[in-house]
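J.: sequence-free structure coming up:
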């Protein structure tokens, strides 16, 4: 089982990102669950969501203790939240960042999801939409296929710019 | 000339008190509605007057429901009938407690949602079924078992609350004027959407007057201006005949109060306040009739 | 239009319930939103709005009115559905008794959530447990697929002439209501026959409903509820068997996992009952012969054979001054002497590792409040 924890801020689309990822994994023939952890958050507060991907039906509902990967949609969250908590050694970190950052003991990938969203004019109520480009980045890392990412995005959003943004992220992320 | 149908939907075996004006009025309500109807009854005197299982004095379907739930239950029924394309009329017959107090939320909701039904509140100005405790509809100065010294708060103006929902039809009626009631029920049922009729129903044991005086007490309520008969169709107000007469020449309030034992403790000050409220209500109506709001 | 072919998709528990409702197509839905059920009513309202569900949707002003409206609709012979959670369920309480007494087969989804104060929107079973004596059938589900399948079966069970009682489908708040899992939909076809309510209002043959009923008669109606509750056991088995035959997924009063040769049974409800299977796998690897028994039907309560086995019960709801509700129910109906663990109240995090610990450290006959202390 591959376990992913997504850190975001309320209103940033982290929950939708988890759902899109599980959907894409499912379309790729895997079993997947997405379980957002709901607190009393309002816009701007730190939020976590969990995605599990496996070849067998998933029976676990409790929160992910030892993720294989951590996704951070807003790096400023690291000032408030310990994103490394429980992360497996040599685990992967996917950061929404315009400049490269590395963390010792982990495989870190950086991609400017915010920049991609703005370039594609994907801005809703003042917030750049980072969850659809995220799917492209996750495809590049190999969690899902790019086709599955496209299909999941199309299943939820009719605006094709979301798919283009995912393709942009797929292209921009250098492994 | 209005023809009152001969069909009876209340059989001669109710367990109503002698002189019960709400039962008398219900007879005319049912005659106006005809047999293609369901009567929804929350906890109130009418829950009892139907009789005890396995017998019933009612020759139409009667659905008994919990105290606070009549309007909501009727909402569900109405929605189901309209969904089936059936025109069956849904009529709530509820006391003042179930209307102005515990059932007010459901009532407001049903009106706001435009439920196609007729809600009749028969107002005997107290919780009659439990033995005359005060309700929000009990008038100032009236003795009830929970206001043994006389009520110190005035009667809640439920009509203005319902009017605030802008229903297609709202009217008042009084058991002493059955023809007026019959015509108003008929009118209400000819319109779609939520309709409200507020019916004054003098209660001999509760108001402490002899059973044979039921009609007389009701007439005095109207003649003194304590109860004003009117109807408002799509916002346009019309004062009904008996009250038009009362607006020209009123019987002194005392004539109404002194017939009823429940007002035996009323103070002069309270009488004056009741009189002021009557004057104010009549003036407001007179003003609107003269200069209808555009 | 969707619903004409079976689909493979990924959906939340709430979405699955709404999708099942769309398949069954009730004539009236009356509901009031509450966290974490809201997604169900929003989805149903959306289906009604886009024309893929032909129900009359009544946006009532309270849960009390939601149930009153369902009763009113149902007694005309219309199929009805509602959904609620937590305080909403409690606000309905009076009408829940009324629905059972009125013998209306209303189907309701209840998204299990704790009760205030303090405000807590997370999973707990106290809301449903506190309605256990209302005369409603109650079932607890553990996956998105099961939420969907059970909601469909719920209509056929509740509307069966031998039952005619309302039915509550319970799913854990957030843990299941908001978790996305794979879902395979079905085309119900004639699996759900048209509703025939023998006591539906008929203006041509007027009757009184729920009038004053005296001491010489009243108890007969109560007994009739209990008789139907007993008859429901067989109806449930039959409907679940037919569902399995048609759609390939089999359910029962309980779900057993590795119980055949088990020395120790871990008993739970809802999502805990599913995660417990992972605990059992871990325990088996250690050489502990554990099995998981998930109680699905809570009313009517299943007949359990626990003889000769140690029993550990995880209770997600408590009867103060008495004990864990599931524990006490099991003690009342079996000879078991369970180790009772009170865990997961208000969404308290309980993992399969914790559950395995409950089994390892079991003390038959005792009660432990997880996180409070270890010895009571």
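T.: Received, thanks. The structure presented is a predicted model; accordingly, all values stated were derived computationally and were not measured.

J.: CA atoms for contacts and neighbours, from now on please.
T.: Noted.

J.: buried stuff in the helix or strand containing residue C:48?
T.: Using DSSP states H and E, residue C:48 falls within helix C:38-50. Going by neighbour count (16 or more other CA atoms under 10 Å in any protein chain shown), the buried part of helix C:38-50 is C:38-45, C:47-48.

J.: repeat for stretch B:248-267
T.: With burial defined by 16+ other CA under 10 Å, the residues of stretch B:248-267 counted as buried are B:253, B:256-257, B:259-264, B:266.

J.: I'd like the distance from that stretch to the chain centre, please.
T.: Offset of stretch B:248-267 from its chain centre (CA atoms, centre = their mean, to the nearest Å): 20 Å.

J.: likewise for stretch B:81-90?
T.: 25 Å.

J.: before we move on, what about stretch B:83-94?
T.: Counting by CA atoms, centre = their mean, stretch B:83-94 is centred 19 Å from the centre of its parent chain.

J.: equivalent analysis for stretch C:189-205, please.
T.: On CA atoms, centre = their mean, the centre of stretch C:189-205 falls 24 Å from that of its chain.

J.: check stretch B:181-199 too.
T.: 12 Å.

J.: and the contacts of that stretch?
T.: Contacts of stretch B:181-199 with the rest of the structure, by CA atoms under 8 Å, 6 or more residues apart in numbering or on different chains, involve B:2, B:4, B:25, B:28-29, B:31-33, B:89, B:110-111, B:114-123, B:159, B:162, B:167-175, B:231.

J.: can you give me the neighbour number for residue B:110?
T.: By the criterion of other CA atoms under 10 Å in any protein chain shown, residue B:110 has 30 neighbours.

J.: could you measure from it over to residue B:167?
T.: The spacing between residue B:110 and residue B:167, counted by CA to CA, to the nearest Å, is 11 Å.

J.: moving C-terminal of the helix holding residue C:48, what's the next helix or strand?
T.: Note on helix C:38-50: by DSSP H and E, the next helix or strand toward the C-terminus is strand C:56-58.

J.: strand partners of that next one, parallel vs antiparallel please.
T.: strand C:28-30 (parallel) (DSSP bridges).

J.: centre of the chain to the strand it pairs with, how far?
T.: When distances are taken as CA atoms, centre = their mean, strand C:28-30 is centred 19 Å away from the chain's centroid.

J.: after the longest helix seen in chain A comes which helix or strand?
T.: For chain A, the helix with the greatest residue count under DSSP state H is helix A:14-27. Proceeding N to C from helix A:14-27, the next assigned helix or strand is strand A:31-37, under DSSP H and E.

J.: now the angle from that following strand to helix A:14-27?
T.: 170 degrees (axes from the mean of the first three to the mean of the last three CA atoms, to 10 degrees).

J.: contacts for strand A:31-37 next, please.
T.: A:15, A:18-19, A:21-23, A:25-26, A:47-58, A:61, A:63, C:174-175, C:178-182.

J.: with stretch A:158-172 instead?
T.: A:111-113, A:116-117, A:120, A:122, A:132-140, A:146, A:149-150, A:153-154.

J.: what helices or strands is the longest helix of chain A leaning on?
T.: Judged by 3 or more CA pairs under 8 Å, 6 or more residues apart in numbering or on different chains; DSSP states H and E, the packing partners of helix A:14-27 are strand A:2-9, strand A:31-37, strand A:46-54, helix A:131-141, helix A:146-156, strand C:8-12, strand C:180-184.

J.: and the angle from the fifth one to helix A:131-141?
T.: Using the same axes, to 10 degrees, the direction of helix A:146-156 lies 160 degrees away from that of helix A:131-141.

J.: for residue A:128, grab phi and psi.
T.: phi -60, psi 140 (degrees, to the nearest 10).

J.: whoops, I mixed them up, residue C:241
T.: Main-chain torsions, residue C:241, degrees, to the nearest 10: phi -70, psi -40.

J.: so what's the residue count around the closest residue to it other than its chain neighbours?
T.: Distances taken as CA to CA, 6 or more residues apart in numbering or on different chains put residue C:250 closest to residue C:241, at 6.7 Å, once the chain neighbours are dropped. Using other CA under 10 Å, residue C:250 is surrounded by 15 other residues.

J.: and the longest helix of chain A with strand C:8-12, angle?
T.: Relative orientation of helix A:14-27 versus strand C:8-12 (the same axes, to 10 degrees): 160 degrees.

J.: mind checking the pLDDT average for helix A:14-27?
T.: For helix A:14-27, mean pLDDT is 96.

J.: give me the angle between that helix and strand A:2-9.
T.: Using the same axes, to 10 degrees: helix A:14-27 against strand A:2-9 is 160 degrees.
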